[in-house]
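Predicted model and sequence follow; I will ask about them next.
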Amino acid sequence: MDAKTNHPMLPLALQGFGDAHSRHRDLRLTSDPASLFVSAAECVYWAATIHEQLRWWPEYAEFTADHVLGSLLPGVRYVRNLKTHSLPMTMQSVEGLMFPIVFPKVFSEVVWLPLDRLPEPNRTTKFTQMQAESYAQQMAGVPTRHTFQRLADGFTELRGLEGSPLGVASSRTV
C-alpha cells in the first residue's frame, strides 16, 4: 500500500507534528505558557493522526508492541480526545527546574496534569480505560517536552524501518 496514495494525511501529519514540536521546543524559552499550550495541543493532534494513519501497516503493531510508542500513544489519544470534545486544560505551568536540565535553562515548565485533575470525559468523548491508564503512567506530571521528544524519536525510528510509510511520507526529521 502506498502511503502517499492511500494515506494522503500521513505526510501532512508528519510535517505538522515536526513543525509543532519545533515550535514547542523554541517556545519553552519564553514566558508565554498559552503559546506552549497551543503548540502542545498541535503536537498531540498530529501525533494521534500519525498513529491512526499507521494502524493499517502490519509491522506497526509489531513495532509498537515492544516500543515506548505502544505505551505512550494511547495516553496521547486520551488527551487528544479530551481536547477535541470538551477542551479542558490538560497541562499546567510549574515553576522550578525539571530534569534533565537543558540549556539554556528556564525556571518554569509545562507539565501534564495528574489524571485526577483532568475533567471527567463527557459522554461524547471517545476513550478507553487503557488510554486513561497510559496517560496516568506515561504522561501525568511529565514535562510536555519529554513526551514530544519521545514521540519524535519513535517516529524517527519508525521511519528507518524497511517499508515504513513514514519513510515514504517524508525525508524531514521530526
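Done, it's in.

On the three-state scheme, Val110 is what?
Secondary structure, DSSP: H, G, I helix; E, B strand; the rest coil: Val110 is strand.

mind checking how far it is from Gln137?
Val110 sits 19 Å away from Gln137, taking CB to CB, to the nearest Å as the criterion. C-beta coordinates here come from the backbone N, C-alpha and C atoms, glycine included.

ok, these two, which is more surrounded?
Val110 (21 against 14; other CB atoms under 10 Å).

what bridges to the more buried one?
Note on Val110: beta-bridge partners by DSSP bridges are Ser93.

all strands for this protein, in order.
91-95, 108-112 (DSSP state E).

rank the ones you listed by mean pLDDT and give me the bottom one.
Note on the strands of the chain: lowest mean pLDDT is at strand 91-95, with a mean of 56.

Mind pulling up the pLDDT for the most centrally placed residue in the chain?
The centroid of the chain falls nearest to Val44 when counting by CA atoms, centre = their mean (4.1 Å). Val44 carries a pLDDT value of 94.

neighbouring contacts of stretch 129-141?
Residues outside stretch 129-141 that contact it (CB atoms under 8 Å, 6 or more residues apart in numbering) are 71-79, 81, 111-115, 147.

For the protein, which residues score under the pLDDT cut-off?
1-7, 31, 83-108, 122-125, 168-174 (pLDDT under 70).

if we can go back for a sec, quick check: PyMOL command selecting the buried ones in the contacts of stretch 129-141.
Selection of buried members from the contacts of stretch 129-141 for PyMOL, criterion 16 or more other CB atoms under 10 Å:
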select buried, resi 71+72+73+74+75+76+77+78+79+81+111+112+113+115+147
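
Give the single residue among the contacts of stretch 129-141 positioned nearest to Trp57.
The closest of the contacts of stretch 129-141 to Trp57 turns out to be Leu73 (CB to CB; 14.0 Å).

wait, isn't that closest one in contact with Thr64?
Yes - at 7.0 Å, Leu73 counts as touching Thr64 under the criterion of CB atoms under 8 Å.

hey, which helix is longest across the chain?
Longest helix in the chain, counting residues (DSSP state H): helix 33-54.

What segments of this structure are helices?
Under DSSP H, the chain gives helices at 3-6, 9-27, 33-54, 58-65, 68-86, 129-138, 144-159, 165-169.
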